[in-house]
Each structure stands twice: as structure tokens, then as C-alpha cells.
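> one predicted model, sequence on top.
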Amino acid sequence: MLTKEYCITMARYNAWQNRGLRKILQEMPRAELTKDRGAFFGSIFATVNHLLWADTMWMSRFEGKPSPGGTTEESKAFQPTAAAWSGERFRMDGHILIWAEKVRALDLVSDLSWHSGLLGREVSKNMGDCVMHFFNHQTHHRGQVHAMLTQIGITPEPTDLFLMPESGPWL
């Protein structure tokens, strides 16, 4: 069973990793950011855009709020520029941290129901499983971005969870 502490740790890890990416991506030329590198979403920018869109989508489900709309394919263009992405990423990471600090044990064992555009139907799953997927999805796509950056000679911050600073700044 997932715990509130797990959610807080993973929210901190997410924010710490994205903080490093924000610095790197804001300094990269747009042509490098948008170059198709053969990854699932093509470019570095399309991948981080998809991840921000997906985080926004999952948080809307967790909180029972309106979704950001759009499809997985459209998610690649969720934000128009690295600067816009960086600002929204910063806000979303803060939002996720606040949510994690307020999540209740009961929330994590309850069922979550939503309409899946990907499946084209209503879905109901254990909230804890959905939260685990949420954090795993972040790590998966950041790993793709890390690999693409490494391939072009840019060294992002380490990704090992045990290297995360004990205290902020994560944002």
C-alpha cells in the first residue's frame, strides 16, 4: 500500500529532477530542443511537453477538476516555448508537492474513476495504483530525456533517488 510519505518523497524527487531539466532546457537552442531524436515522442521538447500534460491530466483526476483536454498526440505541443514550459513545470511541481502533503491514506486505498480518452471509455482503478503509475510515468519519460541529453553531450544532474538533497530547494 502506498503512503503519504511515499507521495511526498516522489513529489520532491520529481521537482528536484525537473529543476535540473528547466535549467538545461532554457539554455538550449530551439532547434536542438525540437530535433527528432527517434524517441517515442520524437524530440526532447515534445517529451517534456507530454510529461507536463500528463501530470496535469493526472492531477485533474486526483483532485476531481477539469482536465487540460487534448490527446496524447497533441500533448507534444502542450507549451509553445521552453520558457512557457519552464514556468508551467515549476507551478505543476509545486502543485504536486502541496497535493502530496495533503493526501490522506483513505484517498490512496479508494477507487478513482475517470473517462480515458486513450481507451475511449470509463475506467476505475485503485487510487494508489494510479498514483504509483503517475510517479513511474514521470521517471520513465525523464529517463528518455536524460538519454537524449546525454547523447548530445549534456550531462543532467544525477537521477539516483538516494542522491536527492534531504532538504530543498527542489523547485
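Good, I have the coordinates. Numbering: from 1, shown residues only.

> C-alpha from now on. contacts and neighbour counts both.
Noted.

> what about Thr56, neighbour count?
22 (other C-alpha atoms under 10 Å).

> and it, what is it in contact with?
Ser67, Pro68, Met92 (C-alpha atoms under 8 Å, 6 or more residues apart in numbering).

> same check, this time on Arg12
So Arg12 contacts Leu97, Trp170 (C-alpha under 8 Å, 6+ apart).

> list the buried residues in stretch 126-135.
Residues of stretch 126-135 classed as buried by neighbour count (16 or more other C-alpha atoms under 10 Å): Met127, Gly128, Cys130, Val131, Phe134, Phe135.

> SS state for Ile8?
helix (DSSP: H, G, I helix; E, B strand; the rest coil).

> on that earlier part again, can I get the contacts of Thr56 in TSV with distance to Leu21?
Formatted as TSV, those follow (distance: C-alpha to C-alpha, whole Å):
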residue	distance to Leu21
Ser67	25
Pro68	23
Met92	14
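
> out of these, which sit inside helices?
Residues of the contacts of Thr56 located in helices (DSSP state H): Met92.

> go through the contacts of Thr56 and say which is closest to Tyr6.
Met92 (18.2 Å; C-alpha to C-alpha).

> related to what we said a few turns ago, most neighbours, which of the contacts of Thr56?
So for the contacts of Thr56 (other C-alpha under 10 Å), the most neighbours sit at Met92, 18 neighbours.

> any idea how far that residue is from Glu157?
20 Å (C-alpha to C-alpha, to the nearest Å).

> got it, and Asn18?
10 Å.

> neighbour count: those two, which is higher?
Asn18 (22 against 16).

> can you classify the more buried one as helix, strand or coil?
Going by three-state DSSP: Asn18 is helix.

> got the contact list for Leu52?
Leu52 neighbours (C-alpha under 8 Å, 6+ apart): Phe78, Glu88, Arg89, Met92.
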